[in-house]
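S.K.: Just to be clear, the model below is a prediction. Sequence and coordinates:
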Amino acid sequence: MTARFNHAPGSFNAPMPTRSGQDRTDRTSSAVSVNDNLQYTVFADQDQLKRFSVALVLFVAVYGCFFVLPVAISIIYAGLCIWTLIGPKQSLQAITLAVFIRYLNPGVFSLPFEIGPLSWLILLLALARNMTAVKGGVLIKLLAVWLFGLVVTGLTFVSSQYPMVSLMKLLSFAIGASTVLICCEALDKNELKHLWVWIMALFSAVILLSLATLPFPSLAYHRGAGFQGILNHPQSLGALIAPFASWLLASVFFQKKSLISMPVFLSCLLIAISIISETRTAMVAVALALFGSFLVFISTQKQFKGLGSLSKTLLKSGTVLLMGILVLLSYRPAQEVFMSYVFKRESQNLEEALSSRSGGIEMQWQNFLDKPVAGWGFGIYPGDTFSKDVHTFMGIPISAPVEKGFIPTALLEEVGIAGALCFAFLLVTLIRFAARSRDIRWLAVFFSCLFVNLGEMVFFSAGGIGIFYWVLMGLAGVAYKLNGSHMQSRRRKGT
């Protein structure tokens, strides 16, 4: 990406007389110097850096107000409801900030009851405000979402033991996903850039404030397990690292970034936080996202901009891998940290380390084999014991928590082959749009949001923290708007 700087008259961007050939040479040299320096940075220009800095200070101040004055949370939520009505960018800003407030650490912040209903109000207001943007490519995405919803609705009446629970969860997923997709499609090029800076600043504020809790273990490790910082669970913090680490590492490995640069430093920091949070899902998602992006990279290099050569990508990857192996072999504390992370606390072998997932996966597979066509019901556990976890209001289910990790077997268990085929159509549709972007970093972000579901199934949690991943996938799906003339030429050619 090219950096743009607005200089006063007389600088290298100001018009110069034709006779001044030396001045034109100096301007070219200065521009090249600026572009070369971009390989060490995260942001494309000073405007993005300025916006990021302002937003970061704002978010830190907001969270500080929450800590000192708990009633500020309700005030901010009320303000977000109004902010949502301004436009699609503001709607997505409100949705993302609401998520990071709703999932704050109760050991640090006092969360009022009303933030749950207000979160849904923000979503519904965003949907109502941006309905007029339903056109073009978003129609295909909405078709895929609602086709899945309609098919699973039919399956619910056939197979679900708790049809009202399944229908309410299905409705919340469809509304949440549709709202985000519509808002993302309504963004223009500049709004997309600004929103991404907003999200990075919001995430950075969470990371910085989380690190500030480390001197206070009762807060940083409030649940008594991994590091959770200012969020309510280690998995919440750890899994959120995946898309941002994928963005940074993709810029290092696939683009013209130096191995001695800010993206590398920040990536190492995020990996370290993932390790102390004991969230293996994040690193698995990052690794698979980079691998998936690499496969696309080697097969369609010419479709992406700002890429380094394949040889440089392989050299960087090999260098990092070799350095990691050398550190593990030569530094015993690093070995102990790595083994503790892989085997997770008291596990003695790989089988025990994977038992938290393998037991559930095996049970889900067996349940699928018992009802392979229609499954047992969307968003529920098979069996009578699940009923005690269902909370209702005036006969309507309002809470029925389900924690499933591995999405392939969990989905087959819930909706069978019929629902899984519709899900595959939805997935292919989303991937096709994400692959239209010429910035491979967006593809890495998209893949990481998908692969997080191999450990934490948040794809259908559009009423919870899953909505944040949907925002990222939605942005990746419209990142082709940043392609400029490339997409126009493709349309002219009919491709």
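M.R.: The structure has been received and is ready for your questions.
S.K.: I'd assumed Met168 was in contact with Thr156.
M.R.: No: using CB atoms under 8 Å, Thr156 is not in contact with Met168, being 10.4 Å away. C-betas here are computed from N, CA, C, even on glycine.
S.K.: The two: which is more packed in?
M.R.: Between Thr156 and Met168, Thr156 has the larger neighbour count (other CB atoms under 10 Å), namely 26 against 20.
S.K.: mind listing what the more buried one touches?
M.R.: 163, 166-167, 170, 377-378 (CB atoms under 8 Å, 6 or more residues apart in numbering).
S.K.: helix, strand or coil for it?
M.R.: Under DSSP: H, G, I helix; E, B strand; the rest coil, Thr156 falls in the helix class.
S.K.: Report pLDDT for it.
M.R.: Turning to Thr156, the model gives it a pLDDT of 92.
S.K.: what does Gly419 give?
M.R.: 94.
S.K.: next one: the one 10 residues further on
M.R.: Turning to Thr429, the model gives it a pLDDT of 94.
S.K.: give me the number of residues near the spatially closest residue to it that is not a sequence neighbour?
M.R.: Excluding its sequence neighbours, the residue lying closest to Thr429 (CB to CB, 6 or more residues apart in numbering) is Ala144, at 4.2 Å. By the criterion of other CB under 10 Å, Ala144 has 21 neighbours.
S.K.: Distance of Ala144 relative to Gln161?
M.R.: Separation of Ala144 from Gln161 (CB to CB, to the nearest Å): 27 Å.
S.K.: Equivalent analysis for Leu369, please.
M.R.: Distance from Leu369 to Gln161, by CB to CB: 18 Å.
S.K.: Which one's more surrounded, these two?
M.R.: More neighbours surround Gln161 than the other of Leu369 and Gln161, with 15 against 10 (other CB under 10 Å).
S.K.: Which of the three states applies to the spatially closest residue to that one that is not a sequence neighbour?
M.R.: Spatially, and ignoring its direct neighbours in sequence, Gln161 is nearest to Gly377 (5.8 Å; CB to CB, 6+ apart). Of the three states, Gly377 takes coil under three-state DSSP.
S.K.: Around Gly377, count how many other residues there are.
M.R.: The burial count for Gly377: 26, using other CB under 10 Å.
S.K.: Work out for me the element Gly107 sits within.
M.R.: Using DSSP states H and E, Gly107 maps to neither a helix nor a strand.
S.K.: For it, which non-adjacent residue is spatially closest?
M.R.: The spatially closest residue to Gly107, leaving aside those adjacent along the chain, is His222, at 3.7 Å (CB to CB, 6+ apart).
S.K.: Count residues in the vicinity of that neighbour, would you?
M.R.: Per other CB under 10 Å, the neighbour tally for His222 reads 22.
S.K.: and it, what helix or strand is that in?
M.R.: Per DSSP H and E, there is no helix or strand for His222.
S.K.: Go through stretch 141-152 and flag the buried ones.
M.R.: Under the neighbour-count criterion of 16 or more other CB atoms under 10 Å, stretch 141-152 has 141-142, 144-145, 148-149, 151-152 buried.
S.K.: all strands of the stretch 351-495 of the chain, in order?
M.R.: 391-393, 396-399 (DSSP state E, counting those that start in this stretch).
S.K.: all helices for the stretch 51-200 of the chain, in order.
M.R.: 71-83, 88-102, 115-129, 137-159, 163-185, 189-211 (DSSP state H, counting those that start in this stretch).
S.K.: Specify the angle between the first one and helix 115-129 in degrees.
M.R.: The directions of helix 71-83 and helix 115-129 differ by 10 degrees, with axes from the mean of the first three to the mean of the last three CA atoms, to 10 degrees as the criterion.
S.K.: in helix 71-83, what's buried?
M.R.: Residues of helix 71-83 classed as buried: 72-73, 76-77, 80-81, 83 (neighbour count, 16+ other CB under 10 Å).
S.K.: how much space between the residue nearest to Gln161 and Leu248?
M.R.: 40 Å.
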